[in-house]
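# Next input, structure requested:
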Amino acid sequence: MNTVDPRTLLRLCDYLNRAASDHDGEALTSIRFASRLIKTLNLTWTQLICHSLSPAPKRVKTYTDQITEMFEACFDATPTGSYRHKFLESMANQFRKKGYLSAKQRVVLERIYDEIH
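Numbering: from 1, shown residues only. Got it, this is the predicted structure:
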């Protein structure tokens, strides 16, 4: 199996985290998005899961690690008290409570992260 881009894996993890939602519509939509994403990679669920169960040569960052690192970098580059900093704090608090970001929140965080890198 080819290496999958870390951002794509991050999106997949986000979809799978939201599949645990108590809201049936959100859970079903998340699974469908995840299935479409896997299909665009020309993979099957079986290939993806079996590959992920094989020993990794090094520690792979988890979804939470990646999001946390992005928040930390954004906080470091954003003046405290600014609108953007307050917005990031709000999003980070929601992430800590829920354990995931919405698709829109993830896109915004990635955009801010890309601006500073």
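# Now do the domain split for this protein, please.
Following automatic domain parsing, one finds the domains of the chain at 6-53, 63-116.
# want to throw the ones you listed into CSV with mean neighbour count and mean pLDDT?
(Each C-beta comes from the backbone N, C-alpha and C, glycine too.) Output for those, formatted as CSV (neighbours: other CB atoms under 10 Å; pLDDT from 0 to 100):
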stretch, mean neighbour count, mean pLDDT
domain 6-53, 14, 87
domain 63-116, 14, 92
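# tell me which element the residue with the largest distance to the centre of the chain falls in.
Distance from the C-alpha centroid of the chain, by CA atoms, centre = their mean, peaks at residue 81 (25.9 Å). Using DSSP states H and E, residue 81 is not contained in any helix or strand.
# Dihedrals phi and psi, it?
For residue 81, the backbone dihedrals are phi 90, psi -10 (criterion: degrees, to the nearest 10).
# what sits against it?
Neighbouring residues of residue 81 by CB atoms under 8 Å, 6 or more residues apart in numbering: there are none.
# same thing with residue 16?
Per CB under 8 Å, 6+ apart, neighbours of residue 16: 30, 34.
# Restricting to C-alpha, output the host helix or strand of it in PDB.
Applying DSSP H and E as the criterion places residue 16 in helix 6-18. Extracted in PDB, the C-alpha atoms of helix 6-18 (Å, rounded to 0.1, in the frame of the first residue of the first chain):
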ATOM      1  CA  PRO A   6      -0.700  12.900   6.600                       C
ATOM      2  CA  ARG A   7      -3.400  15.500   5.900                       C
ATOM      3  CA  THR A   8      -5.600  12.900   4.200                       C
ATOM      4  CA  LEU A   9      -5.200  10.600   7.200                       C
ATOM      5  CA  LEU A  10      -6.100  13.500   9.500                       C
ATOM      6  CA  ARG A  11      -9.300  14.000   7.500                       C
ATOM      7  CA  LEU A  12     -10.100  10.300   7.700                       C
ATOM      8  CA  CYS A  13      -9.500  10.300  11.400                       C
ATOM      9  CA  ASP A  14     -11.800  13.300  11.800                       C
ATOM     10  CA  TYR A  15     -14.600  11.600   9.900                       C
ATOM     11  CA  LEU A  16     -14.200   8.400  12.000                       C
ATOM     12  CA  ASN A  17     -14.200  10.400  15.200                       C
ATOM     13  CA  ARG A  18     -17.400  12.100  14.100                       C
END
